[in-house]
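Novice: Build me a model:
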Amino acid sequence: MSKIIRVNMTQKEVKFEEVADKYTSLGGRALTSQLIADEVPATCDALGPFNKLVIAPGLLSGTSAPSSGRLSVGGKSPLTGGIKEANAGGITSQKLANLGIKAIIIEGKPADQEFAMLKITPDGVEMLPAGDLAGKGTYEVTATCRQHYGEKVAVITIGPAGEMLMQSAGVTNNDSDGNSSRYAGRGGLGAVMGSKGLKAIVIDCPKTFDAPVADPERFKAAAKKFAKILLDHPVCGQGLPAYGTNVLMNIINEAGTIPTRNFRFGRFDKAAEV
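Specialist: Numbers count the residues shown, from 1 in each chain. Below is the predicted model:
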């Protein structure tokens, strides 16, 4: 992934940048957090013009590596006042990686109250008006964009909560069936996206799992080995498929890593009742 898309919502400008050497080995949470640390003033208003929203796929997104399709969304949190990263599954990270996009940086704040959207294709990036999508929920927005731009597109969007700058608002993208069901839900980053006047990002890429790797045969062998490790493990190979994410509740609680009372504690005394 060799390109960064920088979007200035004040000037309504979009440009491509080469990836600086210091970011080459970073992806996902490490990349979004480092960019926020480097570019966002620590004391700025999280919903003001100096905060930035950074969206980045993981380093292995877009490949055959298992569990690699995570999308990271980062910014200064309006909830905590610190650097925040929230991540989600879905197909967006793979499509961004297949377009060679390492990150999208959204900065500035529009002078008007009109919402815009971005359309990203192999030919470039276009900023379009999105007033017709304003006020609509994420499922409706995603369905509308898929009808308009094709059933294979990925859609990142916010709902009315993000538009109204509510501090619990998340950022969503769709799964492979087109459902707007994968949320980067923590830290109020949907409100940051809403403060930028950005309603949606549509990624139109024909490829999903074909990002280039340096040594395809060695990569394929490593991915196969890792997949076997996951399938053979009793938790992720049997527990998660049978019972879902909540099978992790007691495991994480016993490990002392369940965030309790703003993570003042790592264990919750009523975890078994959840």
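Novice: so where do the strands sit in the stretch 1-150 of the chain?
Specialist: 3-8, 13-18, 53-57, 71-76, 83-88, 101-107, 116-121, 124-129 (DSSP state E, counting those that start in this stretch).
Novice: for the third one, packing partners?
Specialist: Same thing as strand 53-57. Using 3 or more Cβ pairs under 8 Å, 6 or more residues apart in numbering; DSSP states H and E, the elements in contact with strand 53-57 are helix 28-39, strand 71-76, helix 92-98, strand 101-107, helix 189-195. For every residue, glycine as well, the C-beta is placed using N, CA and C.
Novice: One more: the last one?
Specialist: Packing contacts for strand 124-129, counted by 3+ Cβ pairs under 8 Å, 6+ apart, involve strand 3-8, strand 13-18, strand 116-121.
Novice: mean confidence for that strand?
Specialist: Strand 124-129 carries an average pLDDT of 96.
Novice: how distant is it from the center of its chain?
Specialist: 19 Å (Cα atoms, centre = their mean, to the nearest Å).
Novice: for stretch 215-230, which positions count as buried?
Specialist: For stretch 215-230, the neighbour count (16 or more other Cβ atoms under 10 Å) marks residue 223 as buried.
Novice: any idea how far it is from the chain center?
Specialist: For stretch 215-230 - counting by Cα atoms, centre = their mean - the centre lies 25 Å from the chain centre.
Novice: which residues touch it?
Specialist: Under the criterion Cβ atoms under 8 Å, 6 or more residues apart in numbering, residues 63, 64, 65, 66, 67, 213, 236, 237 lie in contact with stretch 215-230.
Novice: for that stretch, what is the average pLDDT?
Specialist: The model assigns stretch 215-230 a mean pLDDT of 95.
Novice: same check, this time on stretch 17-30
Specialist: pLDDT averaged over stretch 17-30 gives 96.
Novice: again with stretch 233-243
Specialist: For stretch 233-243, the mean confidence score works out to 92.
Novice: Report the distance from that stretch to the chain centre.
Specialist: That offset, for stretch 233-243, works out to 25 Å (Cα atoms, centre = their mean).
Novice: Find the helix or strand that residue 156 is a member of.
Specialist: strand 154-157 (DSSP states H and E).
Novice: still on that earlier bit, put together TSV for the strands of the stretch 1-150 of the chain, with mean neighbour count on each row.
Specialist: Below are those laid out as TSV (neighbours: other Cβ atoms under 10 Å):
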stretch	mean neighbour count
strand 3-8	19
strand 13-18	12
strand 53-57	28
strand 71-76	29
strand 83-88	22
strand 101-107	23
strand 116-121	20
strand 124-129	13
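Novice: And those: which comes nearest residue 156?
Specialist: strand 53-57 (6.9 Å; Cβ to Cβ).
Novice: quick one, the closest one and strand 71-76 angle?
Specialist: 160 degrees (axes from the mean of the first three to the mean of the last three Cα atoms, to 10 degrees).
Novice: Against which helices or strands is the strand holding residue 156 packed?
Specialist: Using 3+ Cβ pairs under 8 Å, 6+ apart: strand 154-157 touches helix 92-98, helix 138-149, strand 171-173, strand 198-203.
Novice: can we see that at 10 Å?
Specialist: Strand 154-157 is packed against strand 71-76, helix 92-98, strand 116-121, helix 138-149, strand 171-173, strand 182-184, helix 189-195, strand 198-203, with contacts defined by 3 or more Cβ pairs under 10 Å, 6 or more residues apart in numbering; DSSP states H and E.
Novice: May I see the ones you listed organised as CSV, with distance to residue 35 and mean pLDDT added?
Specialist: Listed next are the helices and strands packed on strand 154-157 as CSV, based on distance: least, Cβ to Cβ, whole Å; pLDDT from 0 to 100:
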stretch, distance to residue 35, mean pLDDT
strand 71-76, 7, 98
helix 92-98, 15, 96
strand 116-121, 18, 98
helix 138-149, 25, 97
strand 171-173, 16, 97
strand 182-184, 16, 95
helix 189-195, 14, 98
strand 198-203, 17, 98
